[in-house]
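Novice: need a structure here:
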Amino acid sequence: MRFHEFGDPGVLRLEDVADPVPAADEVLVRVEAAGTSYLDAQLRAGSAATRWFPMPGLPWSPGFQVAGAVVAAADPGLIGTRVVAGLCGGGYAELAAVPVASLVRLPPGVGVERAVALNGHGAMAVGLMETGLPAAGEVVLVLAAAGGVGGLVVQLAKRAGAVVVGAAGGPEKCATAAALGADHVVDYSRPDWADRVRALVSPVALLFDGVGGHLSATAMGLLAPGTGRAVVHGTAASNSPGFTAADVLVHGLTVTGFGPRVAHEPARAMGLRTEAMRLGVLGLLNPITAPPVPLAEAATAHRLLEARRTIGTVVLTP
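Specialist: Just a heads-up that it's a prediction; the model follows:
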């Protein structure tokens, strides 16, 4: 599945191409599941390429997480091994060449859909915890609390002993956030959502924000002046964080970014993926995966992502 120009989901094309040839430090994986994220849609649209990643050369195939079986490798002992892995695009395919250094063996009982959710969104959530360091008793606000990352952040923040406020759009997503363990839920599609947060809890100590735009700006206003801190991990709403350096200065906030940079720190990235899988195996980190979407219908998955109609991680299957 590739696109030859930036644009709406309709630019995605299912094409027959030559099988990828893995480099010496790569293996070839027969893809049984590919993870999706809002970043895939932003890159396809051309709206995030210069902000988050170098502009991809065209044609380009999205997809940063895959799970399946190794079918070719320099090390014959790897052939047949079931793995999950991260890669820099190319996951929306039947076969993907992935770096050996990114391979995580699938533990017994972990299915491919769960694996790609843990390897991508799970690793992100673990990294967010390490960055934000929520403390027991602190009030933590999670935006997009029913999303692929947000839902996992809710779980981990609760494990840390925080008082978690899950903010999401619409009754179904709010119910999901509550089921995942949020102490309080608010519907940020309502204009009074910030007032409801103020009525429920004392000033917010820590914000996890993967949304951006006006929701981000409003959420920043809920942080405790002088001590509030935020971890920004995406701008799904507008490709803009929604606040300025002046906002941070005037209110005395601490704002940290976490996201694509970790791709340039292979050891740290592997540590996050390994820890996410460990927590998943123990039942301490439980991603929600929507019903899988056939690879041939990847454009449908992107439309759902852009319309904010997804809960949890959307996975593509052959």
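
Novice: switch to C-alpha atoms for all contacts and neighbour counts from now on
Specialist: Will do.

Novice: Pairing partners for the strand or helix carrying Phe208, with directions?
Specialist: Secondary structure from DSSP states H and E places Phe208 in strand 206-209. Strand 206-209 has the following sheet partners, assigned by DSSP bridges: strand 139-143 (parallel), strand 229-232 (parallel).

Novice: Which strand residues bridge Phe208?
Specialist: Listed beta-bridge partners, Phe208: Val142, Val231 (assigned using DSSP bridges).

Novice: circling back to that earlier point, quick one, which of the strands paired with strand 206-209 is nearest to Leu249?
Specialist: Closest of the strands paired with strand 206-209 to Leu249 is strand 229-232, at 12.1 Å (criterion: C-alpha to C-alpha).

Novice: ok, then the element right after the closest one?
Specialist: With elements assigned by DSSP H and E, the helix or strand that comes after strand 229-232 is helix 245-251.

Novice: ok, residues contacting that following helix?
Specialist: Pro225, Gly226, Thr254, Val255 (C-alpha atoms under 8 Å, 6 or more residues apart in numbering).

Novice: Looking at the record's assignment, how would you partition the protein?
Specialist: For the chain, automatic domain parsing gives the domain ranges 2-106+288-317, 122-261.

Novice: Would you format those domains as a markdown table with mean neighbour count and mean pLDDT included?
Specialist: Supplementary listing: the domains of the chain in a markdown table, determined by neighbours: other C-alpha atoms under 10 Å; pLDDT from 0 to 100:
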| stretch | mean neighbour count | mean pLDDT |
| --- | --- | --- |
| domain 2-106+288-317 | 19 | 94 |
| domain 122-261 | 20 | 94 |
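
Novice: Tell me which of the ones you listed sits nearest to Ala276.
Specialist: domain 122-261 (5.3 Å).

Novice: And that closest one, end to end?
Specialist: The first residue of domain 122-261 is 16 Å away from its last residue (C-alpha to C-alpha, to the nearest Å).

Novice: Any chance of the backbone angles for the residue lying farthest from the centre of the chain?
Specialist: Of all residues in the chain, Pro76 has its C-alpha farthest from the mean position, at 32.7 Å, by C-alpha atoms, centre = their mean. Per-residue torsions, Pro76: phi -60, psi -20 (degrees, to the nearest 10).

Novice: next one: Val70
Specialist: Residue torsions, per degrees, to the nearest 10, at Val70 are phi -70, psi 130.

Novice: In the sheet, which residues pair with it? Tell me.
Specialist: Beta bridges link Val70 to Val29 when assigned by DSSP bridges.

Novice: So it is in contact with Val83, correct?
Specialist: Yes - between Val70 and Val83 there is a contact under C-alpha atoms under 8 Å: 7.2 Å.

Novice: ranges for the helices of this protein?
Specialist: Along the chain, counting by DSSP state H, helices occupy 38-45, 49-52, 112-117, 123-132, 150-159, 171-179, 193-200, 213-220, 245-251, 266-281, 298-306.

Novice: ok, residues contacting the third one?
Specialist: Residues from elsewhere that reach helix 112-117 (C-alpha under 8 Å, 6+ apart): 32-35, 65-68, 84-85, 106, 148, 277, 287, 289, 313, 315.

Novice: Can I get it in CSV, CA atoms only?
Specialist: Extracted as CSV, the C-alpha positions of helix 112-117 are listed here (Å, rounded to 0.1, in the frame of the first residue of the first chain):
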residue,chain,number,x,y,z
VAL,A,112,0.0,-10.2,16.5
GLU,A,113,-2.6,-7.4,16.9
ARG,A,114,-1.9,-7.0,20.6
ALA,A,115,1.8,-7.2,19.8
VAL,A,116,1.9,-4.2,17.4
ALA,A,117,-0.2,-2.2,19.8
